[in-house]
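A.B. asks: Sequence and predicted model, in that order:
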Number of protein chains: 2
Amino acid sequence: MPPGRRLRAKVAAVRGRVKRRRERLETDARRAQLLELGMRLFAERTYDEISMDDLAREAGVSKGLVYHYFKTKRDFYVAGLREIARDLLEKTTTHSPDLPPAERIRRGLDAYLDHVRAHARAFVALMRGGIGSDPEVSSVIEGVRAAYVDRFLSDLMGTPLAAFATSNKMIRTALRGWLGFVEAASLDWLTHDDVDRARMRDMILELLLATLRAAGAPITP
Amino acid sequence: MPPGRRLRAKVAAVRGRVKRRRERLETDARRAQLLELGMRLFAERTYDEISMDDLAREAGVSKGLVYHYFKTKRDFYVAGLREIARDLLEKTTTHSPDLPPAERIRRGLDAYLDHVRAHARAFVALMRGGIGSDPEVSSVIEGVRAAYVDRFLSDLMGTPLAAFATSNKMIRTALRGWLGFVEAASLDWLTHDDVDRARMRDMILELLLATLRAAGAPITP
């Protein structure tokens, strides 16, 4: 191939890659945009109250385009839920390794309570059953719980409890129980809206210590 | 009406009542029998694994008769679940008002853990979602939780915590959270089967005290 043609071919190939990349970015961006809108809708209304028509109308796009990205309303919901879950895990992570563990957890709990408050309707519907029976939905919820248990266990690894935590199945069961406490208490808190957020957070934090202690961890009162 | 005829009419009326009563009892007995069998089936298998055909075959009756008592499999399941819930509340009630509260609760927890162990598959399926999204199913589960919160609050009424408990919304939120703890920890316990039942019970009881304390109740450690 003569040098001129080789160069043109190379430029065309690069242009093609750039174009495909831009298209993919646009596709990703539009999908992300639809998901963001969907998350807002699911925060305000329940699964049954939202249709693909609503979504297309609010996004100002055709229903066909929505179906191009998400095959069914369920697919759309699950994708949105994954985003919310990712967002929850991200927001409840305190990137300050120098803070004492209790303070890191306190900040994480504040972020958790803010998050469920912001998605109150969706959270209540999800925890009360709702579409919760769907295997994919359950797996997202389970993923969040497992991530929290892992996070707490790895947080403990840097403490004098490390040797205790690795050898003890009670810790796993206890932390699972504590997550159940957090979810059930949050559900009651959102439903009745008559308990102060700071008191909720302090109660949940105190219960975490009590849970570890009840599981036999050598924590002094 | 001459006395003889009047007497015969009276006897016939009484006989009619007796007959209808016996038929009703037989109907109730047969329905109860089907439910009992169903509860056993749901304890061994999940909702999706059981068909009305299975039920009829195992009961040795026609499918038509099963449908005479229960319109759908869902109706049958909900009726069975109500029985299990009634049974759970009954078995976890310790009818010994002279026992100290902690001992009554300890016995109740043992009964609870035995009960969920006996219905392990059904409990896990129910708590993991399963048919849990059904409004009637949710209402049975919610009914059990509300009954437990009421029971604990009325148990507290006989203690020095009475004045505290009635005025405090945190106690309600905290007890709801504790029930969430019990359910989530039990689910983990049944799934992994690597934690001793007595340790589970002691941990759950210790957490109840910690929960009341964290809600601000004046309980000494």
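C.D. replies: Alright, I've got the coordinates.

A.B. asks: Does A:His119 touch A:Ala43 like I think?
C.D. replies: Yes. At 4.5 Å, A:His119 counts as touching A:Ala43 under the criterion of Cβ atoms under 8 Å. From N, CA and C alone the C-beta is placed, and that goes for glycine too.

A.B. asks: Just want to know which of these two has more residues nearby.
C.D. replies: Between A:His119 and A:Ala43, counted using other Cβ atoms under 10 Å in any protein chain shown, the more crowded position is A:His119 (21 against 15).

A.B. asks: Next, the contact list for the more buried one, please.
C.D. replies: A:Met39, A:Phe42, A:Ala43, A:Ile84 (Cβ atoms under 8 Å, 6 or more residues apart in numbering or on different chains).

A.B. asks: In terms of pLDDT, where does the residue sitting nearest the centre point of chain A sit?
C.D. replies: In chain A, the C-alpha nearest the mean C-alpha coordinate belongs to A:Ala85, at 1.3 Å (Cα atoms, centre = their mean). The score at A:Ala85 is 88. That number is its pLDDT.

A.B. asks: One more: A:Val144?
C.D. replies: For A:Val144, the predicted pLDDT is 91.

A.B. asks: Pull out the buried residues from the contacts of A:His119.
C.D. replies: Buried subset of these (neighbour count, 16 or more other Cβ atoms under 10 Å in any protein chain shown): A:Met39, A:Phe42, A:Ile84.

A.B. asks: Narrow the residues you listed to those in strands?
C.D. replies: Applying DSSP state E to these, no entry is found in strands.

A.B. asks: residues in contact with stretch A:36-46?
C.D. replies: With contacts defined as Cβ under 8 Å, 6+ apart, stretch A:36-46 is touched by A:50, A:54-55, A:58-59, A:76-77, A:79-81, A:83-84, A:118-122, A:125, A:130.

A.B. asks: Among those residues, which ones are in helices?
C.D. replies: If you go by DSSP state H, the contacts of stretch A:36-46 have A:54-55, A:58-59, A:76-77, A:79-81, A:83-84, A:118, A:120-122, A:125 in helices.

A.B. asks: which two in the residues you listed are spaced the farthest apart?
C.D. replies: A:Ala59 and A:Ala120 (22.8 Å; Cβ to Cβ).

A.B. asks: I'd like the mean pLDDT over the host helix or strand of A:Gly64, please.
C.D. replies: Element membership for A:Gly64, per DSSP states H and E: helix A:63-69. The pLDDT scores in helix A:63-69 average 90.

A.B. asks: same deal with stretch A:41-49?
C.D. replies: What stretch A:41-49 shows for mean pLDDT is 78.

A.B. asks: quick one: terminal-to-terminal distance for that stretch?
C.D. replies: Taking Cα to Cα, to the nearest Å, stretch A:41-49 runs 9 Å from one end to the other.

A.B. asks: domain ranges for chain A?
C.D. replies: As recorded under automatic domain parsing, the domains making up chain A are A:3-69, A:73-214.

A.B. asks: What's the end-to-end length of the last one?
C.D. replies: Pointing back at domain A:73-214 there. Domain A:73-214 has an end-to-end distance of 43 Å (Cα to Cα).

A.B. asks: Quick one: distance of it to the chain centre.
C.D. replies: Relative to its parent chain, domain A:73-214 has a centroid offset of 10 Å by Cα atoms, centre = their mean, to the nearest Å.

A.B. asks: do the same with the shortest one
C.D. replies: From the chain centre to the centre of domain A:3-69 is a distance of 22 Å (Cα atoms, centre = their mean).

A.B. asks: Show me what secondary structure element comes after the helix-or-strand element of chain A with minimal mean pLDDT.
C.D. replies: Lowest by mean pLDDT, DSSP states H and E among the helices and strands of chain A is helix A:162-166, with a mean of 64. As assigned by DSSP H and E, the chain's next helix or strand after helix A:162-166 is helix A:169-192.

A.B. asks: So for that next one, what gets flagged as buried?
C.D. replies: Using 16+ other Cβ under 10 Å as the test for burial, helix A:169-192 gives A:170-190.

A.B. asks: Likewise for stretch A:195-212?
C.D. replies: Per 16+ other Cβ under 10 Å, stretch A:195-212 contains these buried residues: A:195, A:199-201, A:203-205, A:207-212.

A.B. asks: follow-up on the earlier one: list buried residues within the contacts of stretch A:36-46.
C.D. replies: Burial by neighbour count, 16+ other Cβ under 10 Å: within the contacts of stretch A:36-46 this picks out A:50, A:54-55, A:59, A:76-77, A:79-81, A:83-84, A:119-120, A:122, A:125, A:130.

A.B. asks: With respect to chain B, which of the residues you listed is nearest?
C.D. replies: Among the buried ones among the contacts of stretch A:36-46, A:Gly130 lies closest to chain B (Cβ to the nearest Cβ), at 5.9 Å.

A.B. asks: pull the longest helix from chain A.
C.D. replies: Ranking each helix of chain A by length (DSSP H) puts helix A:3-44 first.

A.B. asks: Determine the set of other helices and strands touching the strand or helix carrying A:Ala102.
C.D. replies: Taking DSSP H and E as the definition, A:Ala102 sits inside helix A:101-118. Applying 3 or more Cβ pairs under 8 Å, 6 or more residues apart in numbering or on different chains; DSSP states H and E, we find helix A:101-118 packed against helix A:73-91, helix A:135-157, helix A:169-192, helix A:197-214.

A.B. asks: Give me the mean pLDDT for the last one.
C.D. replies: Yep, that's helix A:197-214 we're talking about. Per-residue pLDDT over helix A:197-214 has a mean of 93.

A.B. asks: ok, and what's touching that helix?
C.D. replies: For helix A:197-214, contacts defined as Cβ under 8 Å, 6+ apart pick out A:102, A:105-106, A:109-110, A:113, A:117, A:161, A:171, A:174-175, A:177-178, A:181-182, A:185-186, A:189, A:219, A:221, B:170, B:173-174, B:177, B:181, B:202-203, B:206-207, B:210-211, B:213-215.

A.B. asks: which of the buried residues of stretch A:195-212 lies closest to chain B?
C.D. replies: Checking the buried residues of stretch A:195-212 against chain B by Cβ to the nearest Cβ gives A:Ala210 as the nearest, at 3.3 Å.

A.B. asks: A:Ile50: what's its closest spatial neighbour, skipping adjacent residues?
C.D. replies: Distance criterion Cβ to Cβ, 6 or more residues apart in numbering or on different chains; nearest residue to A:Ile50, sequence neighbours excluded, is A:Leu41 at 5.3 Å.

A.B. asks: and if you look at A:Glu136?
C.D. replies: Nearest to A:Glu136 is A:Val78, by Cβ to Cβ, 6+ apart, at 4.9 Å.

A.B. asks: my read: the one you found touches A:Val137, true?
C.D. replies: Yes. Using Cβ under 8 Å, A:Val78 is in contact with A:Val137, at 6.2 Å.
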